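**Q** heads up, no residue letters with this:
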């Protein structure tokens, strides 16, 4: 089974998501701005979220971490390396903060750096990739600050409020890391 250690930064702690996080994760699905920034259009029941938390805790092809403060274990969001391809040493990255009230505090930047460090140093990945919507320049800036490079654009992939949006593809390679 894939080891998922606690990752500690300056302000935050990343701990593996457990089924106990289901209520907070479900509550975060009510934050309209977080849902927009992640392009989440579907709705979920609490039971679906609980089963997801249970499933990911056991998964060997992904690491899902709750973002928490050092002095408070409350779920503030999640940061994930998923679709891990062990043969090609690659993974996809995603992050979501639970509420727009958490934006602009540095939590996303620190969580991104911690999970990228874990991906390259511990999991020995060669490539980490992500997609970010073109209406989210704040996230694009964070990813560039951590070292991600823009690779291309997937045009008109998200229909949001009657308007198509592009997804920017970004990645970081192990020799660009650090």
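**A** It's in. Computed from a predicted model, the values in this text were never measured in an experiment.
**Q** which helix is the longest one in this protein?
**A** helix 46-58 (DSSP state H).
**Q** so where do the strands sit in this structure?
**A** 7-8, 12-16, 63-69, 72-85, 90-97, 127-133, 149-160, 163-173 (DSSP state E).
**Q** most neighbours per residue, which of those?
**A** strand 63-69 (a mean of 23; mean count of other CB atoms under 10 Å). (Each C-beta comes from the backbone N, C-alpha and C, glycine too.)
**Q** so which of the strands of the chain comes closest to residue 55?
**A** strand 63-69 (9.7 Å; CB to CB).
**Q** ok, and what's touching the helix or strand bottoming out on mean pLDDT in the chain?
**A** Within the chain, no helix or strand scores below helix 32-38, which has a mean of 87 by mean pLDDT, DSSP states H and E. Contact with helix 32-38 is made by 28-29, 40-41, 77, 94, 96-100, 103, 133, 135-136, 139, 160, as judged by CB atoms under 8 Å, 6 or more residues apart in numbering.
**Q** try 7 Å this time
**A** 28, 29, 96, 97, 98, 99, 100, 136, 139, 160 (CB atoms under 7 Å, 6 or more residues apart in numbering).
**Q** tell me which of the residues you listed fall in helices.
**A** Using DSSP H, these in helices are 28, 139.
**Q** tell me the buried residues within the contacts of helix 32-38.
**A** Buried subset of the contacts of helix 32-38 (neighbour count, 16 or more other CB atoms under 10 Å): 28, 29, 96, 97, 98, 136, 139.
**Q** of all those residues, which comes closest to residue 1?
**A** residue 96 (24.9 Å).
**Q** thinking the closest one is in contact with residue 76, fair?
**A** No: in this structure, residue 96 is not within contact of residue 76 by CB atoms under 7 Å, at 10.0 Å.
**Q** any idea of the pLDDT on residue 101?
**A** Listed pLDDT for residue 101 reads 93.
**Q** could you number the chain from 437 rather than 1 from now on?
**A** Got it, first residue is 437 now, which makes that one residue 537.
**Q** tell me how far it lies from residue 568.
**A** 21 Å (CB to CB, to the nearest Å).
**Q** residue 519 too?
**A** Shown here: residue 519 relative to residue 568, a distance of 16 Å by CB to CB.
**Q** cool, residue 584 as well?
**A** For residue 584, the distance to residue 568 equals 9 Å [CB to CB].
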